[in-house]
Every structure is written in structure tokens, then in C-alpha cells.
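Quick check, what structure comes out for this input:
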Amino acid sequence: MNTRKKAADRFTAKHIAFLLIGGMVLAAAVSAAVTWHAAKKGTADKKNRSTDPILILYTNDMHCAVEAGEHSLGFAGLTAIKDWAETVSEYVTLADCGDAIQGDAAGLLSEGACMVDLMNEAGYDLCTFGNHEFDYGMEQILALSKERSKARYLSCNFLEAETGKTVAEPYAILDYGGIRAAFIGISTPEAITSSSPAGFLDEEGNYKYEFCQGKQGERLYDAVQSAADKARQEGADYVIALAHLGTDESAQPYRSVDVIAHTSGIDALLDGHSHSVIGQELVKNKEGREVLLSSTGSRLANVGCLTIDTKGTAQLSDDTLKTTLLSGEAARQMDASVQSILAQYEDQLQEVVAYADTELSVNSKNGNRMVRCRETAIGNLCADAFRAVSGADLAVVNGGGIRAGISAGEVTQQDILHVFPFGNQLCMAACTGQEILDLLEFACRNVATEPENADGPVGEAGGFLQVSGIRFRVDTGVESSCVLDEQGMFVEVAGERRVKEVQILGQQTGEYQELDPEQTYTLAASDYLLREGGDGVGMFRGHEFLNMQPVQDGQALAEYLRVELGGKIPESYAGVQGRIIVR
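From the prediction side, this is the model:
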């Protein structure tokens, strides 16, 4: 028996469970004992090919999680897993499914460059674009993906609007000793509204880039199908999608399950965007054939491994595909490169801004992202900071922009950057009460009441607003009648409104009074929402924005904590204050 055959047998028998890797114990979480036989699409068995297993390691939604911790493997764990994989087989590929370069201080301060450097060092081969890859502007991500990154960036539906040409390669075919696997990149069409919409426009306000968006999803499905068909025609034995689509209901018809259901020829779809933990799920494609779906969660809580198991033979007919999630605690020191990058900013990041007597979380005790569907203490604090620093009548903060809570104890600059990692600018506009009503209606379109015995509230969306200087009630018994265009941007409210009893807090009286649709109010929010139309908030584009001293969202929060609150977060922020009532 040759050594390659032994390696294949060893890998198959252990199912990657409890492997000792460089002093790190890995627990492999395999969803059910399902072995899925790949569709060959008529490909004949190949006599002259490797019998090694093919290991495709994958990550998604890393959001700059470079340090190992209780809930993250970090780059030390990632590289240990890759080192192990290379002892099992000579055919190892490392791929990322998007949202890697944004999400923490190092990413923000380097505009994603430091994360690309670390991914180069880790040995990434392939990447696709997540929506947050565009947070630092189109020019920056194109430079990073085309010039700085050693990995090949793929996307079959990221197009130049005028020419219809793909901005990056739609797919890549890799040869593994005679087995050819195609990797198709798929980026969520929601990128236009969930990143910085202004970055996709030319100087005249026309869309310069697009993602095959459309209400019914056909353009996206067609782009994916075309890439899969061409890859098969070029001799691909397997077709694997590296996708940033997600499974959230609000993303329909762009979810990974939607793409699988409307296409054929894909063997496995590795997914990101919704931070879902999916070890292995089988989803039927339009021909009724089962396709593997997997996603690792977020922030390197897991590293996925897609195995093409050859069974140690040269025949394709007995190959199997399966996915596994690897997790564990790092037992060795952080890689020197990570420490070097973080050390540059350590003194600045550890400066204490304030003290908190209680924790202000973005999640419920069950882990639901409350900041995206209900009033929260952290949301109230952030919105109050925007209103106080700007002097506006009211302020709003999109829940998706608040990425972390604040723990009890000292609050540092690093904590502030965890809350607001995007570095958006605070801006202010004069708008009518009617525009505010439309904004609230649009923001609350996905809000729903929780079913009996549910873990917590449902209907979360990144565009849900945390508010200050205003209060209202959401009637979930009224179906949303918001009309959106094909880009996902707000058009109008066509029917009954679910947002009711809207009241504005008087700056002079300190009392709430009914909002007047005809009156003009000043509204503070991030430039992502107001100026760029983020999360589909298009009703303020073209407005004249009021002059104010440039300040980032994190700076506004820090100033509010220092100056307005005197360095101490009061008990009034320990819970919600009845600003948003959901019934």
C-alpha cells in the first residue's frame, strides 16, 4: 500500500475528529453522518490521476478576527489547521467567502490592507467579495484585490454596469493531479445597499457597478448558471461556489438556498453573509439533485473543510463530498505578524474613555441580534451621542452599523472601535416630518413579533434604526407596504403604515409631542445612511446637508461619553426606555 493510500484511509476513518495539531486539540463538528455522492455530469472515470483526498479549507465573515480567543481560532489556529491539512494531502486550497478585511481596529486603520497582508501570509488561494469588502471605497478594494492580494478574487455577478463585463474573474479552475475543480465567486446583490452605495456611482449619480440585482433574482441565477455551464464545458469535474449570500429571510431572492434551487451543475456552495453556522446541509437544485451547503459562522469561530474523498482509487464514480467544521482553542502564541500590526496602535487603543456600571449588549441572552430588530440600551447610547454631538432634533443609527456592545468596567478607545468599526462620518440634514415617517416605515418593514416559545424577537435587518429624540410604535399586524426598486432602494409607502404614534422630543420643553409631517426637522445619522443611501435609504440623496465639523461615529460616541456623561455611563442606560414599542 502506497503512502498516499494510507493518508487517504487515515483521513476517512477519523473524520477529522479530535486531531492533535501543533499542540491544539480540534473538535470536528459533522452534521449527521451523511456522505454525499457527487454528480459527475457524464465525466468519465480517469485512470491517470491522484488518489489523494482534496481538502478545501474555507472561511467566511472573518471581520478581522486575527487573534485567537475563547470563541475564535484566530490566524494561529487557521494556519495550524492548514499545516495539518498539508500533512494529509498535497492538494489543499484555502478560500474565503467574503467580509474578511473589515470589522476591527486594524482593518479600519489600514483600510483593509493589513488583513490582506495576513491572508497572503496564511496562504489564501481564492476569495470572493463580501459586501463589507467595499466599505473603504471601490478604488481601495480594486487595488487590494488586483494588486496587493496574492489570492485570486472571483465573482460572476460583480459587473461594470455600462459594459456588462465582470470586474473580476467569474470562476477559476484548479487541477488536483488530474481532477479539475471549478470555483465560482458569487457576491450578494445586497452589497449596493449594505455597503456604501455612493461607491458604486459615477459623478453623475449613475450606477457604475452592479451585482445582477433584481426583485425576482433571475439575473443573479443566470449569471451563476452561465459560469457553472462554462466551467463544465472547460472540463471541470466538480463545481464549487464561493458565495457571500446568506440564509436570512430578508435576503430573498438572493439567499444561497435560492441560488441553489434555481441553478444546476453546482456540487457544493460554501456561504457567508448571514453569519450562519451550517456544518452540512443538503439543498435540492432545480433538477432535484442535492447540493452541499455549508457556512462557518463568523470571526473564525470555525474553519470549514470540504473534502473530496477519492477513496484511494483512480475512479471518479466512488468519490464522495462532505463538509466539516473545525473549531478549538489556540494553544500557542499569536503569530508575530499579528502582534506586530496590533502593537503599532496599542497605546492609542487602550486609552480609557469612560466607565460602565453595567453591560450594554447588542444581543439577547439567547444570542439574537436585538440591535437589528428592537430598541436596545447600546442603540440608545449611540443614537444619543449622535444627537448630542450634532445638536440635531433627532438622530438615528442603523443597527447593522453597531457591531459590538460595551462590557461593564473600563471603556477604552478599542471598545469604541469595536462598536463602530466602519469609521463613518456623522452628518446632518434638514428634512420634513413626512420624510422621517417614510424613513421609519422603511426601517421597520421586517420587524415581526416572536412566535410562541421562540428564542427571541424575529425580523432582524441591518437597516433597523436605533433612535434618539423620537419615539413610536410598530404594529406588526400591518404588513409592510414599502416599495423598493430593483437596487433595493426605497421608492414609496404604498399602503397602510405599520409605524404609528410617532412623537418628537422637544429640545426646549423636554416633552414629547406629535410629529408634524409638514414641519422641518434636523436629522443626524452617519453619512452611510444619509449621504450614501446605505441599507436602501435613498430618500435623502440629493439633500443639502448642513455644515458641521467632521467627526467619525466612534469619535462622536467617545466625545459623548467624556463630555456629556462625564466619563460614566449612568444607570438610565441599563435597559430600554420605551422609544420603540413593538406589538
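
CA only for contacts and neighbour counts going forward, please
Noted.

quick one: the strands in the stretch 101-250 of the chain?
Taking DSSP state E, counting those that start in this stretch as the test, the strands found in the stretch 101-250 of the chain are 126-128, 152-154, 159-160, 171-176, 179-187, 209-210, 238-244.

want to throw these into TSV with mean pLDDT?
Rendered in TSV, the data for those read as follows (pLDDT from 0 to 100):
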stretch	mean pLDDT
strand 126-128	98
strand 152-154	98
strand 159-160	96
strand 171-176	96
strand 179-187	97
strand 209-210	95
strand 238-244	98
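
Could you dump those strands into JSON lines and include distance to A392 and mean neighbour count?
Formatted as JSON lines, the entries for the strands of the stretch 101-250 of the chain read as follows, by distance: least, C-alpha to C-alpha, whole Å; neighbours: other C-alpha atoms under 10 Å:
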{"stretch": "strand 126-128", "distance to A392": "40", "mean neighbour count": "29"}
{"stretch": "strand 152-154", "distance to A392": "42", "mean neighbour count": "24"}
{"stretch": "strand 159-160", "distance to A392": "39", "mean neighbour count": "18"}
{"stretch": "strand 171-176", "distance to A392": "48", "mean neighbour count": "18"}
{"stretch": "strand 179-187", "distance to A392": "37", "mean neighbour count": "25"}
{"stretch": "strand 209-210", "distance to A392": "34", "mean neighbour count": "22"}
{"stretch": "strand 238-244", "distance to A392": "37", "mean neighbour count": "28"}
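
In TSV: those, plus distance to E290.
Converted to TSV, these look like this (distance: least, C-alpha to C-alpha, whole Å):
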stretch	distance to E290
strand 126-128	23
strand 152-154	24
strand 159-160	29
strand 171-176	22
strand 179-187	18
strand 209-210	30
strand 238-244	13
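
Which one of those lies nearest to G367?
With distances scored as C-alpha to C-alpha, the stretch of the strands of the stretch 101-250 of the chain nearest to G367 is strand 238-244 (22.0 Å).

what's the neighbour count on G367?
The number of residues packed near G367 is 11, by other C-alpha atoms under 10 Å.

returning to that earlier point: looking at the strands of the stretch 101-250 of the chain, which is nearest to V474?
strand 238-244 (31.0 Å).

Output the below-cut-off pLDDT ranges for the stretch 201-350 of the chain.
Screening the stretch 201-350 of the chain residue by residue with the criterion pLDDT under 70, one finds the ranges 314, 328-342.

how about the helices of it, start to end?
Taking DSSP state H, counting those that start in this stretch as the criterion, the stretch 201-350 of the chain contains helices spanning 218-233, 256-261, 336-343, 346-349.

Highest mean neighbour count out of those helices?
Ranked by mean neighbour count, the helices of the stretch 201-350 of the chain are led by helix 256-261 with a mean of 23 (mean count of other C-alpha atoms under 10 Å).

gap between that helix and the chain center?
Computed by C-alpha atoms, centre = their mean, to the nearest Å, the chain-centroid distance of helix 256-261 equals 18 Å.

Centre-most residue in this structure?
When C-alpha atoms, centre = their mean is applied to the chain, the residue found nearest the centroid is H273 (3.8 Å).

Now that one: closest residue in space that isn't a chain neighbour?
The shortest distance from H273 to any residue that is not its chain neighbour, by C-alpha to C-alpha, 6 or more residues apart in numbering, is 4.7 Å, and that residue is G246.

which residues touch the one you found?
Shown in contact with G246 (C-alpha atoms under 8 Å, 6 or more residues apart in numbering): 255-256, 271-276.

one more time with 6 Å
255-256, 272-274 (C-alpha atoms under 6 Å, 6 or more residues apart in numbering).

hang on, the earlier thing: nearest to A443, of the helices of the stretch 201-350 of the chain?
The closest approach between A443 and any of the helices of the stretch 201-350 of the chain, judged by C-alpha to C-alpha, belongs to helix 256-261 at 23.9 Å.

what stretches of the protein score poorly on pLDDT?
For the chain, the stretches with pLDDT under 70 are 1-50, 314, 328-342, 451-458.

same thing but 50
Counting by pLDDT under 50, the chain shows low-confidence ranges at 1-45, 329-335.

wait, doesn't C305 sit right on P53?
No. In this structure, C305 is not within contact of P53 by C-alpha atoms under 6 Å, at 11.6 Å.

The residue nearest to the centre of the chain reaches H244, doesn't it?
Yes. When contacts are counted by C-alpha under 6 Å, H273 is listed as touching H244 (5.2 Å).

The helix or strand that contains A524: what's the following helix or strand?
With elements delineated by DSSP states H and E, A524 resides in strand 520-526, which encompasses its position. For strand 520-526, the following helix or strand on the C-terminal side (DSSP H and E) is helix 527-530.

Helix or strand next in line after that next one, which one?
Sequence-wise, the next helix or strand downstream of helix 527-530 (DSSP H and E) is strand 545-546.

List the strands paired with that next one, with their directions.
In the sheet containing strand 545-546, the strands it pairs with under DSSP bridges are strand 426-432 (antiparallel).

Any buried residues in the helix or strand following the strand it pairs with, and which?
As assigned by DSSP H and E, the chain's next helix or strand after strand 426-432 is helix 433-443. Residues of helix 433-443 classed as buried: 433, 435-443 (neighbour count, 16 or more other C-alpha atoms under 10 Å).

what distance separates helix 433-443 from the middle of the whole chain?
Averaging C-alpha coordinates over helix 433-443 and over its chain gives two centres that are 26 Å apart (C-alpha atoms, centre = their mean).

what distance separates the start and the end of stretch 414-426?
According to C-alpha to C-alpha, to the nearest Å, stretch 414-426 extends 19 Å from its N-terminal end residue to its C-terminal end residue.

Tell me which of the strands of the stretch 101-250 of the chain sits nearest to N366.
N366 lies closest, by C-alpha to C-alpha, to one member of the strands of the stretch 101-250 of the chain: strand 238-244, at 25.1 Å.

Tell me how far the closest residue in space to Q213 that isn't next to it in sequence lies from V259.
When the adjacent residues along the chain are set aside, Q213 lies closest to P189, with 5.1 Å between them (C-alpha to C-alpha, 6+ apart). In this view, P189 and V259 are 12 Å apart by C-alpha to C-alpha.
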